[in-house]
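Student: build me a structure from this.
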Amino acid sequence: MILKKEYLDLVLVPCGLILMFSYHLILLYRCLKLPHTTVIGFENNDKKIWVEKLMQSENRDVKTALDVLSANISAATFLASVSLTLSALIGAWIANNSKVFQSELIYGDTRPSTMSLKYITLLICYLLAFSCFVQSSRCFIHANYLIATPDSDISTEYVELAVIRGGDFWSVGLRALYFAMVLLLWFFGPIPMFVAAVFMVVLLHYLDSDTAPLKKRSVGNSRVRRLEERI
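Tutor: Down below sits the predicted model:
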């Protein structure tokens, strides 16, 4: 029995999506239970230290802190604009009923129903990225107000929560763009999509795993403690 090329979409596409979702579920577990083994955990820890030192300082440099948050707001706003623009382009593409990706050169299912599914899933990823980047900007703007409030008794934990939430929304928005990149290759067939999913998981595992700085930081902390004991 000859396997039809339409059946490849039923096998490779779900396998690629399951691989991506499984990796991110494992990453979520590591971020919650073993944050020191992930880059996201270290970044959140650095943000906590930054906010704590900033809020505890009597003569805190508010201008520098606001510049740092403004850079994050600008980046999130830019990516939100890009995501919204791509969503609009996909919507226009659907409205025009383009048949560019329904060529016989594409080895896979090119039926209109499957093409509509491809457009919808890609559009969902870009809209999710847009929403997350907007929420990231909202959290960073809120942190701006908290830090810039003069002579305030705002708790450090409250500011930390706003900054870390902004970073978390930023990370989720980036993950949505990563999914969109993989789904974009689905238009060229299920085989490129599956290969891209495997490559993306391997690359993200390399970028998200960070255990070496833990030793360096522990060494740095021990030196600080020794210095404090001497003093």
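
Student: can you point out the buried residues in the longest helix that the chain contains?
Tutor: Assignment by DSSP state H gives helix 112-148 as the longest helix of the chain. Across helix 112-148, burial judged by 16 or more other C-beta atoms under 10 Å covers 114-115, 118-119, 122-123, 125-144, 146-147. Any C-beta I mention is one placed from the backbone N, CA and C, and that applies to glycine too.

Student: next one: stretch 22-39
Tutor: Buried residues in stretch 22-39, counting neighbours by 16+ other C-beta under 10 Å, are found at 23-24, 27, 30-31, 37-39.

Student: where in this protein is pLDDT low?
Tutor: For the chain, applying pLDDT under 70 flags the ranges 1-6, 58-60, 94-105, 150-152, 211-231.

Student: what about 50?
Tutor: 1, 214-215, 218-231 (pLDDT under 50).

Student: check which helices and strands the longest helix of the chain is in contact with.
Tutor: When contacts are defined as 3 or more C-beta pairs under 8 Å, 6 or more residues apart in numbering; DSSP states H and E, helix 112-148 sits against helix 62-96, helix 156-184.

Student: let me know the angle separating it from helix 156-184.
Tutor: Relative orientation of helix 112-148 versus helix 156-184 (axes from the mean of the first three to the mean of the last three C-alpha atoms, to 10 degrees): 160 degrees.

Student: show me the contacts for the closest residue to Leu27 other than its chain neighbours.
Tutor: Nearest residue to Leu27, sequence neighbours excluded (C-beta to C-beta, 6 or more residues apart in numbering): Asp208, at 5.9 Å. By C-beta atoms under 8 Å, 6 or more residues apart in numbering, the residues touching Asp208 are 27, 38-40.
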